[in-house]
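Colleague: what's the 3D shape of this:
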Amino acid sequence: MSFVCGLCGKSGADNIHHKYTILCDECLVKQPPICDFCSATDVKWRYEVESFMVKDDPIAAMGGPANRSVADWAACDECHELIENEEYSKLTLRSVESSPGWKETAPAIKRRILEMLGGMHLQFIKGRLGPPTPEPTNPMTMEEKVARLRRMKEAK
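Modeller: Residues are numbered from 1 along each chain as shown. Predicted structure coming up:
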């Protein structure tokens, strides 16, 4: 199944993004870094994590693109502290409470989202490949980001 990029309209998009829903590779790598937990824009940390497919993915179950994690996760200082202090329940709550429309979301849907995010965070914890590193001050070029993303997708 083919999806349309939420920014450029290109078909074949398959990246789920916190802010724009579904993006193509080129539009994804053009986005400024955001915290993969709460979507804050002040990313300070990078966690190397094994790529994984999200278990019990409700988006894929409804015919959407498979929700996957490809390599690194970014974190702001607040989420980094929760991770390092192993406060994973607080991390999951911070993740959902930062989502637009969370307060208006129906309780049954909230429970399902909490379960899915808790499961994703567990996969993140189990898949960590080492200690966090500070966010680099000289990020990769767009071409390098697209090439890296495609290599990681092919390896999966």
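Colleague: quick check: closest non-adjacent residue to the residue most central in space within the chain.
Modeller: The centre of the chain sits closest to D36, judged by C-alpha atoms, centre = their mean, with a distance of 4.6 Å. Closest residue in space to D36, ignoring its immediate chain neighbours: W73 at 4.4 Å, by C-beta to C-beta, 6 or more residues apart in numbering. From N, CA and C alone the C-beta is placed, and that goes for glycine too.
Colleague: list the buried residues in stretch 29-49.
Modeller: Using 16 or more other C-beta atoms under 10 Å as the test for burial, stretch 29-49 gives 29, 33-40, 43-47, 49.
Colleague: which SSE is Q123 in?
Modeller: Assigned by DSSP states H and E, Q123 belongs to helix 107-127.
Colleague: give me the neighbour count for G130.
Modeller: Counted with other C-beta atoms under 10 Å, residues neighbouring G130 total 8.
Colleague: oh sorry, the question was meant for K110
Modeller: If we define neighbours as other C-beta under 10 Å, then K110 has 13 of them.
Colleague: contacting residues for it?
Modeller: 96, 102 (C-beta atoms under 8 Å, 6 or more residues apart in numbering).
Colleague: pop the domain breakdown of the protein in here.
Modeller: Following automatic domain parsing, the chain resolves into domains at 1-31, 32-135.
Colleague: which SSE is immediately downstream of the helix or strand containing E26?
Modeller: Element membership for E26 (DSSP H and E) is helix 25-30. Counting by DSSP H and E, the next helix or strand C-terminal to helix 25-30 is strand 43-47.
Colleague: if we can go back for a sec, per-stretch mean pLDDT over the domains of the chain, give me the minimum one.
Modeller: Ranked on mean pLDDT, the bottom entry among the domains of the chain is domain 1-31, at a mean of 76.
Colleague: next, the buried residues of that one.
Modeller: 3, 5-7, 13-18, 21-29.
Colleague: quick one on the thing from earlier: wait, the residue nearest to the centre of the chain sits on H80?
Modeller: No: using C-beta atoms under 8 Å, D36 is not in contact with H80, being 11.1 Å away.
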